[in-house]
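# dropping the sequence and predicted coords here.
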Amino acid sequence: MARFTLPRDVYHGENALEALKSFKGKKAIICVGGGSMKRFGFLDKAESYLKEAGMEVKIFDGIEPDPSVETVMRGAEAMLEFQPDWIVAIGGGSPIDAAKAMWIKYEYPDCTFEDMCKVFGIPELRKKAKFCAVSSTSGTATEVTAFSIITDYSKGIKYPIADFEITPDVAIVDPALAQTMPKKLVAHTGMDAITHAVEAYVSTAHCDYTDPLAIHAIEMIINDLVPSYNGDTEARNRMHNAQCLAGMAFSNALLGIVHSMAHKTGAAFADYGAHIIHGAANAMYLPKVVAFNAKDETAKKRYGVIVDYMGITDQSASDDEKVAALIAYLRKMNDDLNIPHCIKNYGADSYPTENGFVPEDVFLDRLHNIAVNAIADACTGSNPRQPSVEEMEKLLKCCYYDTEVDF
């Protein structure tokens with residue numbers, strides 16, 4: 001038996017944010033990140049709509065990118081004090097992910113962060129509050145997923161929380177919010193979205209319910225991501241829907257080792273100022289993982305189906321030719337989006353960034369531990385080819401140096 005779970009309601013399209021007016025309850029807490037949602041007026045609108053619905057509203061703001069365990073605990077304390085019956089998270093993946101974890105702690109104050117990280121082990125929620133997620137970025141799709149990513153900076157590791165209990169009750173996918181994204185964020189979140197769809201399609205947990213969502217998301221993304229990056233507003237609106245479809249697919253089909261590697265490298269070099277942004281990590285690792293997974297015949301054929309829908313080769317091409325075409329296409333997308341091909345170039349002069357870069361000796365020194373942690377990541381189990389620690393080390397080296405995967 002398998003399970004397919006989505007939010008009860010997904011409000012999408014122009015002015016979808018107004019759905020907040022219809023919510024029923026006494027108190028709502030809005031969880032938000034930095035200043036962009038306030039700066040563009042969306043926080044004020046959300047607060048106004050909830051008040052119009054008759055609710056007392058509290059704001060919990062300042063949730064950082066890649067939210068920390070400490071921020072989760074502070075937010076849960078604020079919820080315990082305020083006692084909301086609606087939690088509304090608005091913004092990118094970070095405030096929504098953080099609010100999901102806060103929700104668990106609010107409903108179960110004795111629950112530790114370690115308890116939260118037990119895969120599909122969270123007790124029943126909604127005894128105190130329902131959850132609404134309002135997405136402002138076109139990539140994470142956390143507004144429709146059963147996942148949350150929280151960073152333990154003391155360990156330099158991102159931990160995925162995975163349980164259908166944290167699937168939001170309501171998702172609001174209003175394209176106006178996505179129009180506020182800066183160009184680099186469009187690139188990173190867009191590559192996160194295509195990684196979600198590709199990994200969901202070849203996952204060992206894929207099914208008839210997830211495959212159409214993954215394929216259609218890929219078809220939309222290859223048409224709209226680069227134009228969205230280059231300023232096409234209609235393409236950006238469509239990307240907001242495409243990433244949501246990809247999220248619906250992976251929330252139920254699960255992911256693979258692209259995400260395992262991204263989770264375990266993202267904060268691994270934070271002490272060097274080298275934070276590898278999640279979407280950029282996925283973009284760099286995805287072509288290498290496609291090459292690795294394609295050694296599995298079932299995965300190779302499914303990559304071939306993806307290529308057939310993309311229309312980038314003749315359908316009479318061999319599966320090996322289709323895999324090569326897919327890898328080349330993904331690398332070209334990275335070029336078009338100004339994303340480097342490997343960790344070595346991330347943060348280097350070829351990729352100007354506020355972050356530092358990852359020195360080779362530091363990478364090699366930490367490689368084994370990163371590989372061990374990646375193998376243990378919740379996303380690894382549904383990858384079509386299960387790597388050994390030695391193979392994971394080799395794969396990570398390929399992602400550092402941009403060398404060929406030949407094992």
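Structure's in. What do you need?
# residue 213 touches residue 249, doesn't it?
Yes - the pair residue 213 / residue 249 is scored as a contact, 3.9 Å apart, by CB atoms under 8 Å. Quick note: C-beta positions are derived from backbone N, CA and C, even for glycine.
# okay, the two: which has more neighbours?
residue 249 (33 against 23; other CB atoms under 10 Å).
# show me what contacts the more buried one?
Counting by CB atoms under 8 Å, 6 or more residues apart in numbering, residue 249 makes contact with 196, 197, 200, 201, 210, 211, 213, 214, 217.
# between those, which is nearest residue 355?
Taking CB to CB as the measure, residue 196 is the one of the contacts of residue 249 closest to residue 355, at 23.2 Å.
# ok, the closest one to residue 241 distance?
From residue 196 across to residue 241, the span is 14 Å (CB to CB, to the nearest Å).
# and these two? Which one has more around it.
Each of residue 196 and residue 241 has its neighbours counted (other CB under 10 Å); residue 196 has more, 31 against 19.
# just to be sure, that one is in a strand?
No - checked against DSSP: H, G, I helix; E, B strand; the rest coil, residue 196 lies outside a strand; its state is helix.
# any chance of a markdown table for the contacts of residue 249, columns pLDDT, distance to residue 357 and secondary structure?
A markdown table is the format used below for these (pLDDT from 0 to 100; distance: CB to CB, whole Å; DSSP: H, G, I helix; E, B strand; the rest coil):
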| residue | pLDDT | distance to residue 357 | secondary structure |
| --- | --- | --- | --- |
| 196 | 98 | 27 | helix |
| 197 | 98 | 29 | helix |
| 200 | 98 | 31 | helix |
| 201 | 98 | 33 | helix |
| 210 | 98 | 37 | coil |
| 211 | 98 | 39 | helix |
| 213 | 98 | 37 | helix |
| 214 | 98 | 33 | helix |
| 217 | 98 | 32 | helix |
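# could these go into TSV alongside distance to residue 55?
TSV is the format used below for the contacts of residue 249 (distance: CB to CB, whole Å):
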residue	distance to residue 55
196	33
197	36
200	36
201	40
210	35
211	40
213	33
214	37
217	34
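# what's the most distant pair in these?
Using CB to CB, the two most remote members of these are 196 and 211, lying 13.6 Å apart.
# quick one on the thing from earlier: so what sits against both of residue 213 and residue 249?
197, 200.
# residue 358: which of the contacts of residue 249 is nearest?
residue 196 (24.5 Å).
# contacting residues for residue 389?
With CB under 8 Å, 6+ apart, residue 389 has these contacts: 368, 371, 372, 375.
# domain map for this structure?
Domain ranges of the chain: 9-178, 183-401, per automatic domain parsing.
# for residue 1, find the nearest of those domains.
Among these, the nearest to residue 1 by CB to CB is domain 183-401 (11.1 Å).
# how far does the closest one sit from the chain's center?
Relative to its chain's centre, domain 183-401 lies at 11 Å (CA atoms, centre = their mean, to the nearest Å).
# go on, stretch 118-128?
On the basis of CA atoms, centre = their mean, stretch 118-128 sits 21 Å off its chain's mean C-alpha point.
# got the CA coordinates for that stretch in CSV?
Provided in CSV are the C-alpha atoms of stretch 118-128 (Å, rounded to 0.1, in the frame of the first residue of the first chain):
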residue,chain,number,x,y,z
LYS,A,118,12.7,10.5,13.0
VAL,A,119,11.4,9.8,9.4
PHE,A,120,7.6,9.6,9.3
GLY,A,121,7.6,9.4,13.1
ILE,A,122,5.8,12.6,14.1
PRO,A,123,2.6,12.2,16.2
GLU,A,124,-0.7,13.5,15.0
LEU,A,125,-0.9,17.3,14.6
ARG,A,126,-3.8,19.8,14.3
LYS,A,127,-4.9,19.4,17.9
LYS,A,128,-4.0,23.1,18.4
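# could you check the pLDDT of residue 298?
Per-residue confidence (pLDDT) for residue 298: 98.
# what's the answer for the one 4 residues further on, then?
According to the prediction, residue 302 has pLDDT 98.
# confirm that it lies within a helix, as I assumed.
Yes - judged by three-state DSSP, residue 302 forms part of a helix.
# ok, it - contacts?
Residue 302 makes contact with 201, 202, 384, according to CB under 8 Å, 6+ apart.
# looking at the contacts of residue 389, which has the most residues close by?
residue 371 (24 neighbours).
# on that earlier part again, ok, the contacts of residue 249 vs residue 281, which is closest?
residue 196 (13.3 Å).
# elements contacting the lowest-mean-pLDDT helix or strand in the chain?
In the chain, no helix or strand scores lower on mean pLDDT, DSSP states H and E than strand 157-162, which sits at a mean of 90. Secondary-structure packing of strand 157-162 (3 or more CB pairs under 8 Å, 6 or more residues apart in numbering; DSSP states H and E): helix 93-107, strand 147-152, helix 257-265.
# turn the ones you listed into a markdown table, including distance to residue 399, mean pLDDT and mean neighbour count.
Listed next are those as a markdown table, based on distance: least, CB to CB, whole Å; pLDDT from 0 to 100; neighbours: other CB atoms under 10 Å:
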| stretch | distance to residue 399 | mean pLDDT | mean neighbour count |
| --- | --- | --- | --- |
| helix 93-107 | 22 | 97 | 28 |
| strand 147-152 | 19 | 94 | 24 |
| helix 257-265 | 7 | 96 | 29 |
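# closest to residue 357 out of the ones you listed?
Comparing the helices and strands packed on strand 157-162 by CB to CB, helix 257-265 comes nearest, at 13.0 Å.
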